[in-house]
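S.K.: Sharing a model prediction with you, sequence too.
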Amino acid sequence: MKKKVLFISSLGGHLTQLLQLSPLFEQYDYHIITEKSIITKELSNKYPISFLVYGARNYPFKYFFKFSYNILKSLYLFLKIRPNVIVTTGAHTAVPMCYLAKLFGKKVIFIESFAKTSTPTLSGKMVYPIADLFIVQWEGMKKHYPNAVLGGSIY
């Protein structure tokens, strides 16, 4: 029986990085979660995928409600999919799912953004303490995440 792996990320570069892992997908019973948009709706033709609400942080009041909704939907999706492992490239969309995974005793793998060569992301700082495996793509990031593994570029 294949392990259930949930791949989750926000839109944009985070999702682009996550999809670079697609050669791994066939090795697992996998599911992808990202934010809903015109671009990501097309991915449902190729991958098993679920969507969270897109929420830009530049509108704090709206973001609070969207983020709260996404936490509840993340719980629903977690219980529906029942993954053994969460793999994420961040950002904010993925943080609640990582904490849910730890709450239920599951593994969390976080891959810090390729774009971050010298400063950590907020989601990275939030997930680092609970990650079972934390991967950085640049040597310089090990000063922020001393227990991280240098994985090199996923591009």
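M.R.: Alright, I've got the coordinates.
S.K.: At the geometric centre of this protein, which residue sits there?
M.R.: In the chain, the residue lying closest to the centroid (C-alpha atoms, centre = their mean) is residue 88, at 2.7 Å.
S.K.: pretty sure residue 102 is in contact with residue 108, am I right?
M.R.: Yes - Residue 102 lies in contact with residue 108 (C-beta atoms under 8 Å); the separation is 6.2 Å. Glycine gets a C-beta too; all of them are placed from N, C-alpha and C.
S.K.: what is in contact with these two at once?
M.R.: Common neighbours of residue 102 and residue 108, counting by C-beta atoms under 8 Å, 6 or more residues apart in numbering, are residue 130.
S.K.: Show me which helix or strand of the protein is least confident by mean pLDDT.
M.R.: Every helix and strand of the chain was ranked by mean pLDDT, DSSP states H and E. The lowest is helix 38-41, at a mean of 88.
S.K.: Let's see that one as PDB, backbone CA atoms only.
M.R.: Only the C-alpha atoms of helix 38-41 are listed here, as PDB (Å, rounded to 0.1, in the frame of the first residue of the first chain):
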ATOM      1  CA  ILE A  38      -8.100  30.500 -13.000                       C
ATOM      2  CA  ILE A  39      -4.700  29.000 -13.400                       C
ATOM      3  CA  THR A  40      -5.000  26.400 -10.800                       C
ATOM      4  CA  LYS A  41      -8.500  25.200 -11.900                       C
END
